[in-house]
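J.: got a predicted structure here, sequence first:
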Amino acid sequence: MTLASRIQQQFTDSAQAKQQALAAMAGPIEAAVRAMVASLKAGGKVMACGNGGSAADSQHFAAELLNRFEKERPPLAAIALTTDTSTLTSIANDYRYEDVFSKQILAFGKPGDVLLAISTSGNSPNVIEAIRTAHAKGICVVALTGKQGGKIAALLSPDDIHLCVPADRTARIQEVHLLTIHCLCDGIDALILGETQ
């Protein structure tokens, strides 16, 4: 296989993964948008967490809400729990790495908030702890996963929303995660700005 054909295959595989995800995820994405908008309109906030590429996705999502996505609008209350290195490293050092997000949710989270919990495998221990803490505080969880949802799928309550990419390859899951984040941002803007129902 030539390098050019490998590149072409990556594009083809990515497009196919997104098409396959559409049927499974469109409805849950709409539900997640509506849950986030309800929280924001009621004075709540959206918190986001994840590891590695999912940490970057958390920050990307929070930045699009707090600053803006594609249209001018007031800033929306969103925070990535992945950005404060002093907090993350002190919790990991003094307690456990599994607690780096859950302790922040204990401090900042309130009933009516939403947690966007991102884990490609669905098995990230610190994201699982974040979900448990969110449940204890009455916070709705939107779980963004792949690979059948892993351990996170079994943790979710009927009031939570599971955005599970129907794929097993990490790269494909991450590519659909980014598209999903853009769908969430666009949908939130559309409802906030009254462009859709």
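T.: All right, it came through fine.

J.: and stretch 101-115, what's buried?
T.: Across stretch 101-115, burial judged by 16 or more other C-beta atoms under 10 Å covers 101-105, 109, 112-115. Quick note: C-beta positions are derived from backbone N, CA and C, even for glycine.

J.: in which helix or strand would I find Leu191?
T.: Secondary structure assignment for Leu191, by DSSP states H and E: helix 170-192.

J.: same check on Glu30?
T.: Following DSSP H and E, one finds Glu30 within helix 3-41.

J.: now the two most distant members of the buried residues of stretch 101-115.
T.: Across those, the longest distance by C-beta to C-beta is 20.0 Å; it joins Lys103 and Gly112.

J.: just to revisit the earlier point, can I get the buried residues of stretch 101-115 in a markdown table with secondary structure and distance to Leu156?
T.: Output for the buried residues of stretch 101-115, formatted as a markdown table (DSSP: H, G, I helix; E, B strand; the rest coil; distance: C-beta to C-beta, whole Å):
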| residue | secondary structure | distance to Leu156 |
| --- | --- | --- |
| Phe101 | coil | 16 |
| Ser102 | helix | 16 |
| Lys103 | helix | 21 |
| Gln104 | helix | 20 |
| Ile105 | helix | 16 |
| Gly109 | coil | 17 |
| Gly112 | coil | 18 |
| Asp113 | coil | 16 |
| Val114 | strand | 13 |
| Leu115 | strand | 11 |
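
J.: show me which of these is closest to Ala190.
T.: Closest to Ala190, out of all of these and judged by C-beta to C-beta, is Val114, at 17.3 Å.

J.: who's that closest one bridged to?
T.: Val46, Cys140 (DSSP bridges).

J.: now do the buried residues in stretch 21-37.
T.: In terms of neighbour count (16+ other C-beta under 10 Å), stretch 21-37 has its buried residues at 21, 25, 28-29, 32-33, 35-37.

J.: can you list these in TSV and add pLDDT and distance to Thr12?
T.: Below are the buried residues of stretch 21-37 laid out as TSV (pLDDT from 0 to 100; distance: C-beta to C-beta, whole Å):
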residue	pLDDT	distance to Thr12
Ala21	96	15
Met25	97	20
Pro28	98	26
Ile29	98	23
Ala32	98	28
Val33	98	29
Ala35	98	34
Met36	98	32
Val37	98	35
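
J.: quick one: average pLDDT of stretch 180-197?
T.: Average pLDDT, stretch 180-197: 94.

J.: what of stretch 48-67?
T.: 98.

J.: contacts only, for the most centrally placed residue in the chain.
T.: Nearest to the mean C-alpha position of the chain, by C-alpha atoms, centre = their mean, lies Leu116 at 3.9 Å. Going by C-beta atoms under 8 Å, 6 or more residues apart in numbering, Leu116 touches 46-49, 58, 61, 142, 144, 184.
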